[in-house]
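A.B. asks: just a sequence and a predicted model for now, questions to come.
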Amino acid sequence: MEDDDDTKQVEFHEMGLDDRLLKAISKLGWSSPTPIQERAIPLALEGKDILAQARTGSGKTGAFSVPIIQKVLTSKQTAIEQCVKALILTPTKELCSQAYKNILELTSCCSREVKCVDVSPQVPLPTQRPMLSEKPDIVVGTPSRVLAHLQAGNLNIRESLEMIVIDEADLMFSFGYEDNVKAILGQMPKIYQAFLMSATLGDDVRALKKMVLHNAVILKLTESQLPQTSQLTQYHIKCPDEDKFALIYALFKLRLVRGKTLLFVNNVDRCYKLRLFLEQFGIPACVLNSELPVNSRCHIVSQFNDGLYEYIIASDENLLIDPQNRPQDDTQKRQRKKDQEFGVSRGLDFQNVSNVINFDFPTSVQAYIHRVGRTARGDNKGTALSFISLKEMPLLERVEAELAGKDGQDTAVFKPYQFKMDEIEGFRYRAKDAMAAVTRVAIREARLKEIKQEMLNSQKLKSHFDENPRDLQILRHDKNLHTVKSQPHMKNVPDYLIPPTLQNLAGKGKGVKTRRGNARKRGPSEGQLKYKKRQADPLKSFQFKGLSANKKRKKEK
Ligand SMILES: Nc1ncnc2c1ncn2[C@@H]1O[C@H](COP(=O)(O)OP(=O)(O)OP(=O)(O)O)[C@@H](O)[C@H]1O
């Protein structure tokens, strides 16, 4: 059954929602439902199964969370026993954490009545048993984690479960969850209400639909896969791979790219290569990839959302893996150090991202859509810029054909980014110098160093952070890795490097170094710098019961 009802806009307060839920919605600043919410919420409240396809960033999480919370609140009026009523499955831990947070926000005015837990964090199963034994109303998790709890007897849904959501449904099979989902369905009661949410409707979603839904309403929003050109501007710039580094250096230093920016590369090594390169020019960036512990990943995203970082270099390598080549058996899975339940570009709600830069062009159309969908979310505007080497051209053409074809845009999808590469010869020269320091060994060291550092942050200090959550705010993930030798002069841009046409745009005198400016401005003394550095390093500056971490370590020895 396809729903093509086209009547007037229905507002949240006309949906028969509980006042506490309406208050939380208003606290979130959601003045009106998005199109998918407007269509899905009333149908869900009627008890219909729903298959919803709507573009990335269109508010699908609210479309299933609002009716679930409403139904839980309604059932509380007559329920005698506390039980698990809804299960939300998403393919990555980050998405679990995001859905969980959204539910917490939506239940902020009824948090005593509606309990929700996220079981995705990779702690030992028994650690989560106590919270599941309280039979929370809503359980969020990845399919593998939920199944593990079901099999361990920590969770029982056979009698009580009323609703199941499969979010980012099109990823479930390609992330290898088919068997997990089947096994979970095998433990559900015969009658339940189900929601499948997806940005695309492919064969995998159709297969899931057969498995999970009964006579569902299909909400296929005929909007484009990405926001319209008035909201999202997509540029491309042709440059050989070796020029990409000089180009990004010039764009940042000349302030041609401003605001929070996500830079996508195609593998973990490239993350560190780019980070070490930028580090030499005094441009700090965080790295996000599947090797980092999940606590660090979630912390980086939340700090980025809080405005602590300007740049994140992300590799969405899981999305770029050909589904045919995903490791199938357990041995293979164990051999891969990377977290299979990781996804940077899928569904993650990075907030207020001004720019997405495809430093490396993604290897599939879907990966392009999901990366670029991290900007221009909700009703915000955004820019996407793709660097294209000659060998990446066919991929760009595929994306262009797909977006132009499906979205029916009357203008070209991509605008050429007007930039004269030959005007940045000086940047190229410096970039070459910096690249010489970014050796394979430096990259390997940086990768190892960061993993070690992040493991320490996320495990050893976890209990400290649990007790002192405010300290977590000052723990930074973008500090210099120091695996390449830094040359202080590289951090500044002398006048002669700035192309004449860009002298004004580059904000000369506002951070871009001029000769006079240098002479006048004396930096902090070495001692001041050391003190600042020490203060900025929570591992050194934390106070454990009146002792600094270092002193404590020494004392323990
Ligand atoms: N009714 C609304 N009004 C304004 N903003 C909203 C509304 N509903 C959701 N949002 C905001 O829009 C952003 C995107 O929402 P959400 O993450 O649910 O999108 P999505 O469709 O699930 O995207 P994806 O497919 O990438 O997961 C979020 O920041 C969310 O807070």
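C.D. replies: Done, it's in. Numbering: from 1, shown residues only.
A.B. asks: tell me which parts of the protein are close to the ligand?
C.D. replies: 30, 33-34, 37, 54, 56-62, 199, 347, 349, 373, 377-378 (Cβ under 6 Å from any ligand atom). Any C-beta I mention is one placed from the backbone N, CA and C, and that applies to glycine too.
A.B. asks: which of the residues you listed are buried? Put it as a PyMOL command.
C.D. replies: In PyMOL, a selection of the buried entries from the residues of the chain next to the ligand looks like this (16 or more other Cβ atoms under 10 Å):
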select buried, resi 30+33+34+37+54+56+57+58+59+60+61+62+199+347+349+373+377
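A.B. asks: among the residues of the chain next to the ligand, which are located in helices?
C.D. replies: The members of the residues of the chain next to the ligand that map onto helices under DSSP state H are 37, 60-62.
A.B. asks: for the ligand, what's its nearest residue on the stretch 351-500 of the chain.
C.D. replies: When scored by Cβ to the nearest ligand atom, the stretch 351-500 of the chain has residue 378 as its residue closest to the ligand, at 3.6 Å.
A.B. asks: with adjacent residues omitted, what lies nearest to that residue?
C.D. replies: residue 57 (6.6 Å; Cβ to Cβ, 6 or more residues apart in numbering).
A.B. asks: quick one: contacts for that neighbour?
C.D. replies: Residue 57 makes contacts with 227, 349, 373, 376-378, as judged by Cβ atoms under 8 Å, 6 or more residues apart in numbering.
A.B. asks: quick revisit: now for the ones in helices among the residues of the chain next to the ligand: which two are most distant?
C.D. replies: Within those, 37 and 61 form the most distant pair, 9.5 Å apart (Cβ to Cβ).
A.B. asks: check contacts around the nearest residue to residue 232 once chain neighbours are set aside.
C.D. replies: The shortest distance from residue 232 to any non-neighbouring residue, by Cβ to Cβ, 6+ apart, is to residue 376 (4.0 Å). Residue 376 is in contact with 57, 226-227, 231-232, 382, counting by Cβ under 8 Å, 6+ apart.
A.B. asks: try it again with 6 Å
C.D. replies: When contacts are counted by Cβ atoms under 6 Å, 6 or more residues apart in numbering, residue 376 touches 227, 231-232, 382.
A.B. asks: residue 48 and residue 218 touch, don't they?
C.D. replies: No - Residue 48 lies out of contact with residue 218 (Cβ atoms under 6 Å); the separation is 10.5 Å.
A.B. asks: neighbour count winner among those two?
C.D. replies: Higher neighbour count among residue 48 and residue 218: residue 48, with 21 against 17, using other Cβ atoms under 10 Å.
A.B. asks: with adjacent residues omitted, what lies nearest to the more buried one?
C.D. replies: residue 217 (4.9 Å).
A.B. asks: residues near the one you found, how many?
C.D. replies: When neighbours are defined as other Cβ under 10 Å, residue 217 has 19 of them.
A.B. asks: can you list the buried residues in stretch 437-450?
C.D. replies: Within stretch 437-450, the residues that qualify as buried are 437-438, 442-443, 445-447, 450, counting by 16+ other Cβ under 10 Å.
A.B. asks: tell me where the stretch 201-350 of the chain has helices.
C.D. replies: 203-212, 241-253, 268-279, 294-305, 317-320, 330-335 (DSSP state H, counting those that start in this stretch).
A.B. asks: on the pLDDT front, check residue 232 for me.
C.D. replies: In this prediction, residue 232 carries a pLDDT score of 92.
A.B. asks: how close does it get to residue 178?
C.D. replies: Applying Cβ to Cβ, to the nearest Å, the value for residue 232 to residue 178 is 33 Å.
A.B. asks: between these two, which one's more packed in?
C.D. replies: Comparing residue 232 with residue 178 by other Cβ under 10 Å, the one with more neighbours is residue 232, at 21 against 16.
A.B. asks: contacting residues around the more buried one?
C.D. replies: 226, 376, 382.
A.B. asks: flag the shaky bits of this structure, pLDDT-wise.
C.D. replies: Scanning the chain for pLDDT under 70 picks out the ranges 1-7, 222-223, 317-348, 405-411, 458-476, 503-557.
A.B. asks: please parse this structure into its domains.
C.D. replies: For the chain, the structural domains run 12-220, 232-322+335-420+433-488, 492-556, going by automatic domain parsing.
A.B. asks: centre of the chain to the second one, how far?
C.D. replies: Taking the mean C-alpha point of domain 232-322+335-420+433-488 and that of its whole chain, the gap between them comes to 10 Å (Cα atoms, centre = their mean, to the nearest Å).
A.B. asks: next, count neighbours for residue 491.
C.D. replies: By the measure other Cβ under 10 Å, the count of residues near residue 491 is 14.
A.B. asks: again with residue 452
C.D. replies: Look at residue 452: counted by other Cβ under 10 Å, it has 10 neighbours.
A.B. asks: over to residue 433?
C.D. replies: Per other Cβ under 10 Å, the neighbour tally for residue 433 reads 12.
A.B. asks: could you grab the helix/strand/coil label for it?
C.D. replies: Secondary structure assignment for residue 433 (DSSP: H, G, I helix; E, B strand; the rest coil): helix.
A.B. asks: and the gap between it and residue 487?
C.D. replies: Distance, residue 433 to residue 487, using Cβ to Cβ: 8 Å.
A.B. asks: if you count neighbours, what's buried in stretch 396-403?
C.D. replies: Across stretch 396-403, burial judged by 16+ other Cβ under 10 Å covers 396, 399-400, 402-403.
A.B. asks: now render the residues you listed as TSV, adding secondary structure.
C.D. replies: Shown next, in TSV, are the buried residues of stretch 396-403 (three-state DSSP):
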residue	secondary structure
396	helix
399	helix
400	helix
402	helix
403	helix
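A.B. asks: can I get those residues in a markdown table including distance to residue 122?
C.D. replies: Output for the buried residues of stretch 396-403, formatted as a markdown table (distance: Cβ to Cβ, whole Å):
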| residue | distance to residue 122 |
| --- | --- |
| 396 | 37 |
| 399 | 34 |
| 400 | 39 |
| 402 | 35 |
| 403 | 36 |
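A.B. asks: biggest separation within the buried residues of stretch 437-450, which pair?
C.D. replies: Maximum pairwise distance among the buried residues of stretch 437-450 (Cβ to Cβ): 17.2 Å, between 437 and 450.
A.B. asks: if we can go back for a sec, which of the buried residues of stretch 396-403 sits closest to residue 357?
C.D. replies: For the buried residues of stretch 396-403, the residue nearest residue 357 by Cβ to Cβ is residue 396; the value is 14.2 Å.
A.B. asks: contacts only, for the nearest residue to the closest one once chain neighbours are set aside.
C.D. replies: Nearest non-adjacent residue to residue 396, counting by Cβ to Cβ, 6+ apart: residue 388, 5.3 Å away. Applying Cβ under 6 Å, 6+ apart to residue 388 gives the contacts 236, 238, 361, 396.
A.B. asks: now do 10 Å
C.D. replies: The contact partners of residue 388, taken as Cβ atoms under 10 Å, 6 or more residues apart in numbering, are 236-240, 244, 358, 360-361, 395-397, 414, 417.
A.B. asks: and if you look at residue 15?
C.D. replies: 21-22, 25, 33, 37-38, 41-42, 44-45, 66-67, 70.
A.B. asks: again with residue 313
C.D. replies: So residue 313 contacts 261-265, 270-275, 278, 285-289, 357, 359, 478 (Cβ under 10 Å, 6+ apart).
A.B. asks: let's see 6 Å
C.D. replies: By Cβ under 6 Å, 6+ apart, the residues touching residue 313 are 263, 271, 274-275, 285, 287.
A.B. asks: so how far is the ligand from it?
C.D. replies: According to Cβ to the nearest ligand atom, to the nearest Å, residue 313 and the ligand sit 20 Å apart.
A.B. asks: how near is that residue to residue 227?
C.D. replies: When distance is defined by Cβ to Cβ, residue 313 is 24 Å away from residue 227.
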